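Participant: With the sequence up front, the predicted model follows.
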Amino acid sequence: MPDAAPLWATVVLPVALAVAAVVAAGFDAMLSGSAERGPAGSVREAGLRALAPLREALRLLVQRPRRTTAADRLLGRLGVVLVPVAAVLAGAVLPWGFRAVSDPSVGIVWFNAMEALAWAAVWLAGWGPNSALSLVGGYRFLAQGLAYELPHMFAITTAALGAESLRVGDVVAAQDGLWFVVWMPAAFVVYLLSALAMSFWGPFEHPVSRDAAGGAAAELAGVDRLVFLGGRWLLLVVTAGFSVPLFLGGGHGPLLPGWAWTLVKTVAVLALLVAGRRALPVLRMERYMEVAWMVLVPLTLLQALFVAVVVLNR
Amino acid sequence: MDLRGALRRTAMTRPAVLAVTLPGATELRLEAEAEVRRRGWPVVDAPAAADLLVVCGDPASDDTPWLDGIERSMPEPALRIVAGESGQLADALDTARRDLIDKAATRRAAEVAEVAHVADVSDEPGGHEHGDHEGHGDGHDHTMGEVAGLPMAERGDDRDELRLDRLHVPIGPASSDWPAGLVLRLTLQGDVVQGVEVDHLPLPPSPRLPFWDEPWLRAAHGDEVSRGSAVRRRCAAHLDSAGRLLAVVGWDDVAARCRRLRDEVLSGASRESIGGDLRRTVRRVERSRPLRWSIAGLGELPADRARAAGVSGPALAADGDAHDRLLKWLHEVERGLEGLDDARPLAPDDRTGPRGRLDGPQPPSRALLDILPELLTGAEFACARIIVASLDPDLDELALAPVSGAAHA
Amino acid sequence: MPDEVIFWVLALVAVAAGVMVFRFDSMARATYALLTSLLCVGGEVLLLGLDYLGVVIVLMMTIEMAIMAVFMVMYMMNPAGLMPMTMVHNKKGAAAICAAVFAVLAAGVLLAPWPSRRGRPSADPTMDLGLSLMGPQMLTMMALGLALFATIVATVVLATRRGRYDRFGDDLKARTPDDAVRGGTGR
């Protein structure tokens, strides 16, 4: 059913992801602004607040980069650059309507492999600057990875199981009629949690949190900081967006064309995550790890078992 | 025409602020926070992210080296301003912004960045990069020598009796959401705190009373102080502490609300105007199960242990962990709501400040500092930050009694 | 033609990164040089048309090397690997073993009677590879997998110093375990 997208889509993809990231960050800045300074009085004021991410990006572009003593600049740079690169590579299998830049037969595993690169990236970014707090942030992310990755893998495996295929296009096609979220709610919720965790954002921002002076990002200035933190938003957009083909029926929906449905659903998931973040403190891994392995892993396994039984009897 | 220059100037119209508070400058800190918030400038928590270093308080000559260190580790264009007196901050920020814009616009393109120091926010007096460890007279012996001027880690047994590396990492005094002037010298294994040494910046004798205790101390001196103003000060102190704890826990939204409420209470907002907002915020914190799940059991301090250590005030009354102390603060704030506009004079023998009894043998914050080592040892770094924030000692109080120097654990 | 170019580029990078594992004097760089080498191998497998295996190699190796970094941090928390260290020990013995292994493998490659292609390549080489590797022995393979997993779990259990009596008291009646760090489920 899905056709290969034309070549220009390859160029459009990073741009589209960046635009989505800026919009999501703007929405987040608006919500933060109203918590800090009260509700915006006028539309102009709200607009100014929503522009904060762009202003911030410009500010970071003007800042001169800096180095720390005895830093491992090669690895540190690599880690910083790897975050947006992993996000865009993972985004390559993201179907826009019914077309993705690429729809390989193992698209779901590809997506998982690319987000695993973020493990390496954040640790490298924390290791590079030779600073204790930034390293603390770096290996906080590894602990986080160990906590979220297993339930996450089971969750996306469940979706693949439901479609009996690892091709993202087939997963979307299998949801013509009944969305997976209806009969795989546990997998969907776990997927959303891990989407936040792998983009180390919101309740899972412990690796870059304020208590360690910015953790893995503590020593990043200027362009480095922009690429790293901007890449984080790209990751969030891509992982949130991937829940649409996996669980929310991709481009399926009445009246509107496929691409519009994808857009609507992606925006809804992103808005849910950004607004839901307000209700939660940061989840620390020494607590979350036990929940992930003792509760979420069995839960996702049961969900997978249920789906497997349904599929076998179909 | 000069698009690059224009962009550079635009970029610095809202510089990112790193605020550092010196002991005795609580009032200036509040003023700076409110002013920066009003302008919508981003507030950051590491020198690497900052353009503008705002020092609240008058730096003594001892302070200049570590402040210089922080300024050096900020990326260009960087600027430091000192807010020494209240009321001048708005002008100082305007000037600073102008200077930053000039600096950014005149910068020579593609200049190679100079090598900065290893700059944790923990750059502190006699910090590791200065190699000045004798000054503290304690057992930092780095047996493995130095590489690139930095001391190597030494090794020691961890809690599973594995022989692992230990790092000495000083935290404070420039960390964000951190008691002004406090320095903790941590011995870290991974991110587990294996040893703590409590220290602080020198506390210059100041004619100013500690800001949070001011009404009670003034009443004790015989000044006329209304009960309402004392209640306001207590509520604001607790909202400040709660905001700090919530920020460390990473619940920025509610932390920001607490800080806004704090400023409104201090600026004399009436009970009717803030009551609803305040109650909603308290309910929100109270009912948050994720918050309870996240910080329950951290820094457990039963009442008998607290009393033995000389702790009075909310930390004693809470009789429990970080979460209990947070709720205690917020409930005291809610109770105080009734008395915000009480014009009757404060009784001169009422000496119960926000952090405990002010007529004890030592200021209440001294006891809070003294129990830090036993609560922090064995905690993970993030938990240690939460425990410190849940006690929130106020170092301004130490200048009250003739206590000086470092308390060694 | 492009396939051949990609093959040689990946092969050379894989070997070069492999050599760098022993040339770097920092454990972090050595770890990630090894990862680079393994990612290139994953690329070669993709080139063979074994999509699933190639991507799984990328996924597993990335996570594996990242976890290796955790252990590195545990035992050597000098950020950026300040103290240079050598990655080579027992140089002569290692060189002899390496040369021998290389000779045996190269001899295998050159001397084995490789079959020539009959018919057309299959649509799903991963499936065929799996079937030809373990098709008739699927039950054995499944049992082996379980045994391996049980071994891992048993090893961890045996290596743990604290058992349930340490955590829940001698009568196992404590409501909350006595742990160094409190977990998230309140058990």
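Facilitator: Ah, there it is.
Participant: what about stretch C:35-47 and chain A, touching?
Facilitator: Yes: judged by CB under 8 Å from any CB of the partner chain, stretch C:35-47 and chain A are in contact via C:Leu35. Heads up, the C-betas are built off the backbone N, CA and C, glycines and all.
Participant: just how off-centre is that stretch within its chain?
Facilitator: On the basis of CA atoms, centre = their mean, to the nearest Å, stretch C:35-47 sits 12 Å off its chain's mean C-alpha point.
Participant: what does it rub up against?
Facilitator: A:120, C:3, C:6-7, C:10-11, C:13-15, C:17-18, C:21, C:53-55, C:57-58, C:61-62, C:65 (CB atoms under 8 Å, 6 or more residues apart in numbering or on different chains).
Participant: How about the residues of the stretch 201-350 of chain B by chain C?
Facilitator: B:293, B:297.
Participant: Can you list the low-confidence ranges for the stretch 201-350 of chain B?
Facilitator: Along the stretch 201-350 of chain B, no part satisfies pLDDT under 70.
Participant: Closest residue of it to chain A?
Facilitator: Proximity to chain A, evaluated over the stretch 201-350 of chain B using CB to the nearest CB, is greatest for B:Gly250 at 2.8 Å.
Participant: and the closest residue to C:Val45 other than its chain neighbours, what element?
Facilitator: Ranked by CB to CB, 6 or more residues apart in numbering or on different chains and with sequence neighbours excluded, the top spatial neighbour of C:Val45 is C:Gly54, at 3.9 Å. Per DSSP states H and E: C:Gly54 is located in helix C:51-75.
Participant: Now whatever helix or strand comes next after that helix: average pLDDT?
Facilitator: Sequence-wise, the next helix or strand downstream of helix C:51-75 (DSSP H and E) is helix C:91-111. Averaging pLDDT along helix C:91-111 gives 92.
Participant: And the contacts of helix C:91-111?
Facilitator: Applying CB under 8 Å, 6+ apart, the contact partners of helix C:91-111 are C:Val88.
Participant: Contacts for the helix or strand following that helix, please.
Facilitator: Sequence order places helix C:125-134 as the next helix or strand after helix C:91-111, per DSSP H and E. Helix C:125-134 has contacts (CB under 8 Å, 6+ apart) with C:48-53, C:122, C:140-141.
Participant: Give me the buried entries from these.
Facilitator: The neighbour-count test (16 or more other CB atoms under 10 Å in any protein chain shown) applied to the contacts of helix C:125-134 identifies C:50-53 as buried.
Participant: low pLDDT regions in chain C?
Facilitator: Residues of chain C meeting the criterion pLDDT under 70: C:72-87, C:186-187.
Participant: quick check, distance from the longest helix along chain A to the centre of its chain.
Facilitator: Identified as the longest helix of chain A according to DSSP state H is helix A:132-163. Centre-to-centre, helix A:132-163 and its host chain are 11 Å apart (CA atoms, centre = their mean).
Participant: Next, the angle from that helix to helix C:51-75.
Facilitator: On the basis of axes from the mean of the first three to the mean of the last three CA atoms, to 10 degrees, helix A:132-163 is oriented at 150 degrees to helix C:51-75.
Participant: what's the helix or strand for A:Val109?
Facilitator: Using DSSP H and E, the element containing A:Val109 is helix A:107-127.
Participant: Check whether that helix comes near chain B.
Facilitator: No: for helix A:107-127, no contact with chain B is found by CB under 8 Å from any CB; the gap never falls below 11.6 Å.
Participant: CA-only coordinates of that helix in CSV, if you can.
Facilitator: Extracted C-alpha coordinates of helix A:107-127, given in CSV (Å, rounded to 0.1, in the frame of the first residue of the first chain):
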residue,chain,number,x,y,z
GLY,A,107,11.5,-0.3,9.7
ILE,A,108,10.5,-0.8,13.3
VAL,A,109,13.8,-2.3,14.2
TRP,A,110,15.5,0.5,12.3
PHE,A,111,13.7,3.1,14.3
ASN,A,112,14.7,1.3,17.5
ALA,A,113,18.3,1.1,16.5
MET,A,114,18.5,4.8,15.7
GLU,A,115,17.0,5.8,19.0
ALA,A,116,19.5,3.5,20.7
LEU,A,117,22.2,5.8,19.2
ALA,A,118,20.9,8.4,21.5
TRP,A,119,22.2,6.3,24.4
ALA,A,120,25.7,6.6,23.1
ALA,A,121,25.1,10.2,22.1
VAL,A,122,24.1,11.5,25.5
TRP,A,123,26.8,9.6,27.3
LEU,A,124,29.4,10.9,24.9
ALA,A,125,28.2,14.4,25.4
GLY,A,126,28.5,14.0,29.1
TRP,A,127,31.9,12.4,29.0
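Participant: anything in stretch C:170-187 near chain A?
Facilitator: Yes: using CB under 8 Å from any CB, stretch C:170-187 reaches chain A at C:181-185, C:187.
Participant: Count the neighbours of B:Gly156 for me.
Facilitator: For B:Gly156, the neighbour count with other CB atoms under 10 Å in any protein chain shown is 14.
Participant: Now name the helix or strand holding it.
Facilitator: Going by DSSP H and E, B:Gly156 is in strand B:154-157.
Participant: Tell me which other helices or strands that strand touches.
Facilitator: With contacts taken as 3 or more CB pairs under 8 Å, 6 or more residues apart in numbering or on different chains; DSSP states H and E, strand B:154-157 sits against strand B:163-171.
Participant: Tell me the strands beside the helix or strand following the strand it packs on, with direction?
Facilitator: Helices and strands here follow DSSP H and E; after strand B:163-171, the next one along the chain is strand B:182-189. Using DSSP bridges, strand B:182-189 pairs in its sheet with strand B:163-171 (antiparallel), strand B:192-200 (antiparallel).
Participant: Can you lay out these as a markdown table showing mean neighbour count and mean pLDDT?
Facilitator: Shown next, in a markdown table, are these (neighbours: other CB atoms under 10 Å in any protein chain shown; pLDDT from 0 to 100):
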| stretch | mean neighbour count | mean pLDDT |
| --- | --- | --- |
| strand B:163-171 | 21 | 81 |
| strand B:192-200 | 21 | 90 |
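Participant: could you dump those strands to JSON lines with distance to A:Arg66?
Facilitator: Converted to JSON lines, the strands paired with strand B:182-189 look like this (distance: least, CB to CB, whole Å):
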{"stretch": "strand B:163-171", "distance to A:Arg66": "20"}
{"stretch": "strand B:192-200", "distance to A:Arg66": "28"}
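Participant: between those, which gets nearest to B:Ser365?
Facilitator: Comparing the strands paired with strand B:182-189 against B:Ser365 with CB to CB, the closest turns out to be strand B:192-200 (10.2 Å).
Participant: which residues are in contact with the next helix or strand after the closest one?
Facilitator: Sequence-wise, the next helix or strand downstream of strand B:192-200 (DSSP H and E) is helix B:214-220. For helix B:214-220, contacts defined as CB under 8 Å, 6+ apart pick out B:209-210, B:225, B:229-230, B:233, B:345-353, B:358-359, B:400.
Participant: right, quick check: stretch A:212-221 against chain B, any contact?
Facilitator: Yes: with CB under 8 Å from any CB as the measure, stretch A:212-221 is seen reaching chain B through A:212-214, A:217-221.
Participant: Could I get the full set of helices for the stretch 301-409 of chain B?
Facilitator: Secondary structure of the stretch 301-409 of chain B, counting by DSSP state H, counting those that start in this stretch: helices at B:303-308, B:314-318, B:322-336, B:364-376, B:381-391.
Participant: With chain A instead?
Facilitator: A:8-37, A:43-50, A:52-62, A:73-91, A:107-127, A:132-163, A:168-173, A:180-183, A:185-198, A:222-247, A:258-276, A:285-291, A:297-312.
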